[in-house]
Structure formats: C-alpha cells, structure tokens
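Enquirer: okay, here's the prediction I keep looking at, along with the sequence it came from:
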Amino acid sequence: MFFNMTTMKYLAITLVTFLLLSCGASPSAVETGITGKIDSANTMNVYLDKVNPLTNTNDMVGRAETNSNGEFSIPFAEGLEDGIYRVRIGRKSAYIILDDFSSKVSISGDLNKLQEFDYSVEGSAQTTAFVTTMNQFRNRSLKLDGFIEKVKSESNPIAAFAMAIMGLNDANYAEVHKSVLQKMANAGATEEMTQQYGSYIGQLEQLLAQRRVNELIKVGKPAPDITMAGPDGKERSLSDLKGKVVLLDFWASWCGPCRKANPKVVETYKKYKSKGFTVASVSLDGLDNRTRSRYPADQIPNQLERQKDRWVKAIEQDQLEWDWHVSDLKKWDSSASAVYGVRSIPKTFLIDRDGNIASIDPRYTLEQEVLKYL
C-alpha cells in the first residue's frame, strides 16, 4: 500500500485530533479550537454547530464532553470557516462569531445564563463585542435606538449580521438589515449568503407593505386613489368617480371565478347605474416579473399585446359596458393591487359617495350592500 504526502498529512491530523479527544485534552493544551468551562454542565455532551439563521439550519462541526468541572475542548487542526457558531449543551446555547479564526477561543459562564448572553469569551474580540451588546439589549440597559446604532456602527459584518438577525427580526427594521447587507457585500461575503439575506430582506419589505395596507384598507377609511390607463390609452382616476357608489373590482381575463362573477356585477350595474352606482374595473392581465422571465426580451412587446387583446376581448364577451377599465398590464406586480393589498382575485371594494370604503368583498350580497349607500 502506498501513501502520497496529502494522505499522510490527513492521517497525521486525524491521529492528533483522536489523541486529544481520547485523552480529554485540557483547554490549555489546545492551540487551535474551542475550549471552555461551563458551570452547572458537568459531564455533559457539548456540540459546536455552524449556524445559518437565514435558512434556519445548524451543521454540527465538532463535539466533546465536559469533565467533572464543566471543562471541555474541541480542537481544530486547520481552524474553522468564518461565520456564526454556537456551543450547544443540552437546550442551552452560547453564540460565537469567528472571523479569520486560527487560534484558540475560550468561553466561560454558567449553563443557566447562556441564553441571556451572560458569558465571557477570550480569543475573539468580535464575539466579546457581540455578546456584550446582546446582553445589554436583553437586560434592557441598552434601549432599542442604541442597539440599532450599535448594529449600524459595528465594523465586523458577521457580528453586525448576527446582531441584526437576533435582535431586529421584524419588518420594521428592513432598512437596518439593508445597511448590514451592504457591509457584508463590501467585505466579500459569498454570493449565496448575500442572496439569502437579500431574499430575507425582501420578505420583510413585503410584510411591511402588507401591514401598511392593512392599516389603510379598512371599512370606513378613505379609498386610496388609483390612476391608470384604459384600453384606449386614456388615464382614469378613481377619485373622478367620487359622488357615486363605486364597486372597485380587481379581476383578469384568465381568472375563472372572476368571469363567473361578472354576470351578477353587470346585472347590478344595469339596475342601479341611473341611481348613482358604477363599477371601476382593474385588470390583472399582463406580465409580472416572474412571467416575463419565461420569454426572451424581444418577445415581451408581443406578449404584452396578446395580454391586452385578451383583456379587451373579455370586456366585450362579458358585456362589461361601463367605461372605467384600467390596467398597467403587470399582472401580480400591478401597482393598484399593491396599494389595496390584493393577493387573490376576484377582490372587490364597495366605496360610498364620500370616497370611503363601505364594504370589502360584497360578492354574495352585492345588491343589498349597494342599496345601503345609494
């Protein structure tokens, strides 16, 4: 059997690691690794996990067992990748930030206080700063505004990221997360990590937008104005219909339930248009960004024309004889649907003569609702 130099090096490293673990190497005996002394954690398993809070995954990269004094040692002959790690003992964890790790990091504290970020770390200045800030924030000696400033001013992008994810996991702080993402990108974070973080921030922004919609789109609140072009290219504004009772109807030619509901809308329109009732139809025909990605750029104009043609034909086929038809031909990316928080269709809003939302989705009681406000 023959061994090359790479194989021999690997065997040597493995043997050293095995001997250190087998002999229960003391923290002082480890040159590169994670060591510690955790009170109330005598003779317990210790695991070291690499943490990705964006995907909620934790990969175990090392393990050991504490001795009767709560001491443990997890050696790493070749160091560890940069990132967020946690020392896990039972259901308790202590987080460590590693950046250019090539020496020894020691952690000490009490098992029952780890979750409060009440532990000490030697050998990692960024972890010390992170733990101190998180502990102050948890015990409220550091207020929210001060914590946000700490995140923004933290020079280490991994530490700033860990603080932001663990302390500002809410849509209201999307802008803070954007500043941290920029730090990571400037520091050369992997494309995968920046994409994951960007996606996370996008979800926060969507949630924030939905919250704002929920605050605005309520019965009794003023109906937000909409201005869009109709099939003829003429712009129409919802505010122009003030003084009438208006059914704001979000629909599309491709939406089966919408087309099925149209006859009742037409019937109600014909019956009460002379008394001040009308319909404002917003079509979600067209191409959103996801749909556009299916076509080469030079085919987009033709596809949009086809979508517009389907919209116009559906208006004719369903005899939607009112004039107020608009669309920006962006399908689910429609600016009007964003304003009203429309995520499924058909979706309707009955607006009274004063321009306030009187009812939401009066689909099966449309005529009765209209009569209340005429």
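Expert: Noted; the coordinates are in hand. Numbers count the residues shown, from 1 in each chain.
Enquirer: excluding chain neighbours, give the residue nearest to P346 in space.
Expert: C258 (4.4 Å; C-beta to C-beta, 6 or more residues apart in numbering). Glycine gets a C-beta too; all of them are placed from N, C-alpha and C.
Enquirer: what's the helix or strand containing the one you found packed up against?
Expert: Assigned by DSSP states H and E, C258 falls within helix 256-272. If contacts are counted by 3 or more C-beta pairs under 8 Å, 6 or more residues apart in numbering; DSSP states H and E, helix 256-272 sits against strand 245-251, strand 277-283, helix 366-373.
Enquirer: pull out the buried residues from that helix.
Expert: The neighbour-count criterion (16 or more other C-beta atoms under 10 Å) identifies C258, R259, A261, N262, V265, V266, T268, Y269, Y272 as the buried residues of helix 256-272.
Enquirer: my read: C255 touches S344, true?
Expert: No - with contact defined as C-beta atoms under 8 Å, C255 and S344 do not form a contacting pair (9.3 Å).
Enquirer: now the host helix or strand of A358: buried residues?
Expert: Under the criterion of DSSP H and E, A358 resides in strand 357-360. The neighbour-count check on strand 357-360 (16+ other C-beta under 10 Å) flags I357, A358, S359 as buried.
Enquirer: just those now: which is nearest T365?
Expert: S359 (8.2 Å; C-beta to C-beta).
Enquirer: now for the protein, the helix or strand with the poorest mean pLDDT.
Expert: For the chain, the helix or strand with the lowest mean confidence is helix 5-22, at a mean of 38 (criterion: mean pLDDT, DSSP states H and E).
Enquirer: what's the first helix or strand after that helix?
Expert: Next along from helix 5-22, by DSSP H and E: strand 33-39.
Enquirer: now the helix or strand just after that following strand against strand 33-39, angle please.
Expert: The helix or strand immediately downstream of strand 33-39 is strand 45-52, counting by DSSP H and E. Angle between the axes of strand 45-52 and strand 33-39 is 120 degrees (criterion: axes from the mean of the first three to the mean of the last three C-alpha atoms, to 10 degrees).
Enquirer: and the very next helix or strand once past strand 45-52, which strands flank it?
Expert: Once the chain leaves strand 45-52, the next helix or strand it forms, by DSSP H and E, is strand 57-65. Taking DSSP bridges as the criterion, strand 57-65 forms sheet pairs with strand 45-52 (antiparallel).
Enquirer: who's more crowded, C255 and S344?
Expert: C255 (19 against 10; other C-beta atoms under 10 Å).
Enquirer: which residue is the nearest non-sequential neighbour of that one?
Expert: Nearest non-adjacent residue to C255 (C-beta to C-beta, 6+ apart): I345, at 5.2 Å.
Enquirer: surely the one you found touches D285?
Expert: No - in this structure, I345 is not within contact of D285 by C-beta under 8 Å, at 10.8 Å.
Enquirer: which residues are common contacts for these two?
Expert: With contacts taken as C-beta atoms under 8 Å, 6 or more residues apart in numbering, I345 and D285 have A252 as neighbours in common.
Enquirer: if we can go back for a sec, of the buried residues of helix 256-272, which pair is most distant in space?
Expert: R259 and Y272 (21.7 Å).
Enquirer: the longest helix along the chain vs strand 45-52, what angle?
Expert: Assignment by DSSP state H gives helix 191-216 as the longest helix of the chain. Computed by the same axes, to 10 degrees, the angle separating helix 191-216 from strand 45-52 equals 70 degrees.
Enquirer: average pLDDT across helix 191-216?
Expert: Regarding helix 191-216, the rounded mean pLDDT is 89.
Enquirer: what comes up buried for the helix or strand that comes right after that helix?
Expert: Per DSSP H and E, the first helix or strand lying C-terminal to helix 191-216 is strand 227-229. Buried residues in strand 227-229, counted by 16+ other C-beta under 10 Å: M228.
Enquirer: for strand 227-229, which strands pair with it and how are they oriented?
Expert: Applying DSSP bridges, strand 227-229 is found paired with strand 235-237 (antiparallel).
Enquirer: I would like the residues contacting the strand it pairs with, please.
Expert: Here strand 235-237 has contacts from D225, I226, T227, M228, A229, G230, A280, D323, W324, H325, V326, using C-beta under 8 Å, 6+ apart.
Enquirer: save the buried residues of helix 256-272 as a markdown table, and put in distance to Q203 too.
Expert: Shown next, in a markdown table, are the buried residues of helix 256-272 (distance: C-beta to C-beta, whole Å):
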| residue | distance to Q203 |
| --- | --- |
| C258 | 28 |
| R259 | 32 |
| A261 | 31 |
| N262 | 34 |
| V265 | 35 |
| V266 | 39 |
| T268 | 39 |
| Y269 | 39 |
| Y272 | 43 |
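Enquirer: dump the residues you listed into TSV; add pLDDT and distance to V370 as well.
Expert: Converted to TSV, the buried residues of helix 256-272 look like this (pLDDT from 0 to 100; distance: C-beta to C-beta, whole Å):
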residue	pLDDT	distance to V370
C258	96	19
R259	96	21
A261	96	15
N262	97	16
V265	97	10
V266	97	13
T268	97	6
Y269	97	9
Y272	97	6
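Enquirer: pick out whichever of these sits closest to Q319.
Expert: V266 (5.8 Å).
Enquirer: identify the residue nearest the closest one in space, chain neighbours excluded?
Expert: Closest residue to V266 apart from its sequence neighbours, by C-beta to C-beta, 6+ apart: Q319 at 5.8 Å.
Enquirer: from I74, how far off is V61?
Expert: 9 Å (C-beta to C-beta, to the nearest Å).
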